[in-house]
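Asks: Sharing a model that was predicted from the sequence below.
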Amino acid sequence: QVQLVESGGGLVQAGGSLRLSCAASGIFWSISDMSWYRQAPGKQRELLAGITRSGRTNYLDSVKGRFTISRDNAKNTVYLQMNSLKPEDTGVYYCWAEIQRFVGTTGYDYWGQGTQVTVSS
């Protein structure tokens, strides 16, 4: 069974930093795109940053210059380095990946369980 397991959330003061990690485990052929999403209290889940297997990235405007997404393909892991955190960055952070279970088959969406990030003012 394929799973995405996140870690690194917590409580931090405004202006601080956190680094989230998300590792894929189980048996699969390949991981293509990976992303980080955030769901703030009372709001819809939003895409923060994405990265292709080759390393091309994209970001939500509100996190550009503060957040950096990266990945280690050998470790099947995606990271989100978050700097200059603001109270409005508070929420549950989810990783997502498109994972191809077997060679020549369609990739499917997988989600992590979420990790809470709380930024105090």
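Replies: Arrived safely.

Asks: Quick check: the gap between the residue sitting furthest away from the middle of the chain and Q81.
Replies: Here the chain reaches farthest from its C-alpha mean at G104, the gap being 25.9 Å by C-alpha atoms, centre = their mean. Separation of G104 from Q81 (C-beta to C-beta, to the nearest Å) stands at 35 Å. All C-beta atoms are positioned from the backbone trio N, CA, C, and that covers glycine.

Asks: tell me the phi and psi of the residue farthest from the centre of the chain?
Replies: Backbone geometry at G104, expressed as degrees, to the nearest 10, gives phi 80, psi 0.

Asks: Tell me which residues touch it, please.
Replies: Under the criterion of C-beta atoms under 8 Å, 6 or more residues apart in numbering, G104 has no contact partners.

Asks: Please verify my assumption that W36 contacts R71.
Replies: No - counting by C-beta atoms under 8 Å, R71 is not a contact partner of W36; they are 10.8 Å apart.

Asks: and for those two, which residues touch both?
Replies: Here W36 and R71 share the contacting residues V78, scored by C-beta under 8 Å, 6+ apart.

Asks: out of those two, which sits in the busier spot?
Replies: For W36 and R71, the more surrounded residue by other C-beta atoms under 10 Å is W36, and the numbers stand at 26 against 20.

Asks: Kindly state the pLDDT recorded for that one?
Replies: On pLDDT, W36 comes in at 98.

Asks: what about it, distance to G65?
Replies: For W36, the distance to G65 under the criterion C-beta to C-beta works out to 16 Å.

Asks: Sounds good, over and out.
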